[in-house]
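# Show me how the following folds:
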Amino acid sequence: MSGSRLHGKRVFITGAAQGIGFAIARACHREGAALYLCDIDGARLDTVGAELGGRSGKLDWGVADISDAEAIRGQVARATDTIGTVNALVNNAGVNVFAAPLEMTDEQWKRCFDINLNGAWNCSRALLPDMVEAGEGVILNIVSTHSFTIIPGTFPYPVAKHALLGLTKSLALEFAPQGVRVNAIAPGYVATQNVIDYWNSAPDAQAAKQRTLDLHPGGRIAQPEEIANAAVFMVSDECPFMNATCLTIDGGLSVLHHPA
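This is a model prediction of the structure:
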């Protein structure tokens, strides 16, 4: 089925080659958006692009490391040439970096912030001038429940995600007078390949999976499509007064009290 909820939207999506990013791309495509997909994995990106119908005036893609500001400016220029001036950005790309604080290397700290925070800023900074000039635009940051809760043993990832939520709120207030909305979605556990790989890395994969499911009031975790459906709503014109908002999609996980 296809719709028109995103007719006229030209959406730049990072981390689009797999997981939540691919689900968002697929959902936006279904709702009539023109898409420019960006990822560091060129082979997967080619597969995703082919699945969505191939290069056209409404679909293109390119390989870039979002921590490279110059590379992102190049991708934005290409997007403008192929699908038109971008009026919606989904900052989805991210990377897990977990380390004991006093054992963490400088390289781990830098990688965590280069991708999870600086990358989102590089994309936002490259696209905001056109949005401001047009008097409209949407930026949607995929943050995490790590943006407002802390799981011991995951440092420094939640530090970067807290900062990304702060960037969301700050940019929202800075650019609201110019008609640009900046919001966030905070997923909890989502059935992506990364989560499956985490389970499989345990001595007993099924037990690890069950422990994760048992954390949730409903006994399950989210599917990528459930995050994507919310992203469509937040990118669309259906919520014009939603700004500086973080929508949590975690099945109640972050509300449930877990006894020690």
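
# Pull out the buried positions in the helix ranked longest in the chain.
In the chain, assigned by DSSP state H, the helix with the most residues is helix 157-175. For helix 157-175, burial by neighbour count (16 or more other CB atoms under 10 Å) applies to 157-165, 167-169, 171-172, 175. In short, each C-beta sits where N, CA and C put it, glycine included.

# Now residue 138: closest residue in space, sequence neighbours ignored.
Spatially, and ignoring its direct neighbours in sequence, residue 138 is nearest to residue 88 (4.4 Å; CB to CB, 6 or more residues apart in numbering).

# Please apply the same query to residue 249.
Using CB to CB, 6+ apart, the nearest residue to residue 249 is residue 187, at 5.2 Å.

# OK, contacts around that neighbour?
20, 142, 144, 145, 222, 227, 249, 250 (CB atoms under 8 Å, 6 or more residues apart in numbering).

# Among those, which one lies nearest to residue 243?
The closest of the contacts of residue 187 to residue 243 turns out to be residue 142 (CB to CB; 16.9 Å).

# In the stretch 1-150 of the chain, where is pLDDT below threshold?
1 (pLDDT under 70).

# So which residues of it form strands?
According to DSSP state E, counting those that start in this stretch, the stretch 1-150 of the chain carries its strands in the segments 10-14, 34-39, 59-63, 88-91, 137-142.

# Give the other helices and strands that the longest helix of the chain contacts.
Helices and strands touching helix 157-175, by 3 or more CB pairs under 8 Å, 6 or more residues apart in numbering; DSSP states H and E, are helix 106-113, helix 119-134, strand 137-142, strand 180-187.

# Can you lay out these as a markdown table showing distance to residue 257?
As requested, these are exported to a markdown table (distance: least, CB to CB, whole Å):
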| stretch | distance to residue 257 |
| --- | --- |
| helix 106-113 | 29 |
| helix 119-134 | 31 |
| strand 137-142 | 26 |
| strand 180-187 | 19 |
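
# what's around the nearest residue to residue 220 once chain neighbours are set aside, how many residues?
Nearest non-adjacent residue to residue 220, counting by CB to CB, 6+ apart: residue 213, 6.0 Å away. By other CB atoms under 10 Å, 13 other residues sit near residue 213.

# how far out from the middle of the chain is the helix or strand hosting residue 213?
Residue 213 is part of helix 205-214 when elements are defined by DSSP states H and E. Mean-position distance between helix 205-214 and its chain equals 25 Å (CA atoms, centre = their mean, to the nearest Å).

# Not counting its own residues, what contacts the helix or strand that comes right after that helix?
Downstream of helix 205-214, the first helix or strand assigned by DSSP H and E is helix 224-235. With contact meaning CB under 8 Å, 6+ apart, helix 224-235 is reached by 5-6, 9, 11, 19-20, 22-24, 26-28, 31, 33, 88, 90, 138, 140, 142, 183, 185, 187, 190-192, 239, 242, 247, 249.

# which of those residues count as buried?
5-6, 9, 11, 19-20, 22-24, 26-28, 31, 33, 88, 90, 138, 140, 142, 183, 185, 187, 190-192, 247, 249.

# Of the helices and strands packed on helix 157-175, give the one that comes closest to residue 150.
Of the helices and strands packed on helix 157-175, the one closest to residue 150 (CB to CB) turns out to be strand 180-187, at 13.7 Å.

# CA atoms only for the closest one, dumped as CSV, please.
Taking Å, rounded to 0.1, in the frame of the first residue of the first chain, the C-alpha atoms of strand 180-187 are listed here in CSV:
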residue,chain,number,x,y,z
VAL,A,180,12.0,24.8,11.4
ARG,A,181,10.8,22.1,13.8
VAL,A,182,13.4,19.9,15.6
ASN,A,183,12.2,16.8,17.5
ALA,A,184,13.5,13.4,18.6
ILE,A,185,12.4,9.9,18.9
ALA,A,186,13.8,7.8,21.8
PRO,A,187,13.5,4.1,21.0
